[in-house]
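[1] Curious how this folds, go ahead:
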Amino acid sequence: MKNMKEIRWKQRFENFEKSFRLLEKFMAIKNPDEVARAGGIQFFEMTFELAWKTLKDYLESEQYIVKSPRETIKLAFQAGFIENGHDWIDGLDDRNLTTHTYDENTAAQIEERIRDKYYPLLKKFYDRLKKEV
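    Sure, this is the predicted structure:
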């Protein structure tokens with residue numbers, strides 16, 4: 001059973017990696033217009049969703065039981081697998097906000113948090129798991 005769960009998180013990681021690479025391309029765009037910003041936010045939503053699901057699968061391969069995104073993030077933080085648990089929760093909240101609301105002012109604020117806070121968090125997560133794949 002552990003082998004199947006290990007295979008699962010590695011498969012999920014492959015999807016996370018593809019999405020992360022798209023977010024990385026967005027990060028290279030300085031002063032994006034509103035269309036590019038909307039695309040970057042979409043890449044963030046996708047990448048963050050795949051990040052917490054990859055994290056969940058990884059924890060389950062380590063015999064932890066988690067069900068929700070918040071529970072996954074809290075347990076991963078408590079177990080020392082991720083740092084900055086509050087930033088992960090903030091990212092989850094912003095991901096939820098952007099999937100239900102679009103407003104240019106909010107989009108600009110979210111873009112700034114993606115660049116300053118969430119991208120570095122996701123990059124660190126990516127780098128850690130990349131070593132384990």
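[2] Can you spell out which helices and strands pack onto the longest helix anywhere in the chain?
    Taking residue count as the measure and DSSP state H as the definition, the longest helix of the chain comes out as helix 34-61. Other helices and strands packing on helix 34-61, by 3 or more Cβ pairs under 8 Å, 6 or more residues apart in numbering; DSSP states H and E, are helix 2-27, helix 69-78, helix 85-100, helix 104-113, helix 119-132. Every residue, glycine included, has its C-beta placed from N, CA and C.
[3] Tell me what angle it forms with helix 69-78.
    Relative orientation of helix 34-61 versus helix 69-78 (axes from the mean of the first three to the mean of the last three Cα atoms, to 10 degrees): 70 degrees.
[4] what's the helix or strand for I65?
    Secondary-structure element containing I65, defined by DSSP states H and E: none, the residue being outside all helices and strands.
[5] Excluding sequence neighbours, find me the nearest residue to L121.
    D87 (5.5 Å; Cβ to Cβ, 6 or more residues apart in numbering).
[6] and the gap between the one you found and I65?
    Summarising the geometry, the distance separating D87 from I65, computed by Cβ to Cβ, to the nearest Å, is 24 Å.
[7] Among those two, which residue is more densely surrounded?
    Neighbours per residue (other Cβ atoms under 10 Å) separate D87 from I65, with D87 holding more: 17 against 8.
[8] Might one say that that one is in contact with L122?
    No: using Cβ atoms under 8 Å, D87 makes no contact with L122, being 10.3 Å away.
[9] Under the pLDDT cut-off, which ranges of the protein? List them.
    1-2, 101 (pLDDT under 70).
[10] which residue ends up closest to the midpoint of it in space?
    Of all residues in the chain, the one closest to the mean position by Cα atoms, centre = their mean is F48, 2.5 Å from it.
[11] Tally up the residues packed near the residue nearest to it when sequence neighbours are not counted, please.
    In this structure, F48 finds its nearest non-sequential neighbour in R95, 4.5 Å apart by Cβ to Cβ, 6+ apart. Number of residues near R95 (other Cβ under 10 Å) recorded here: 22.
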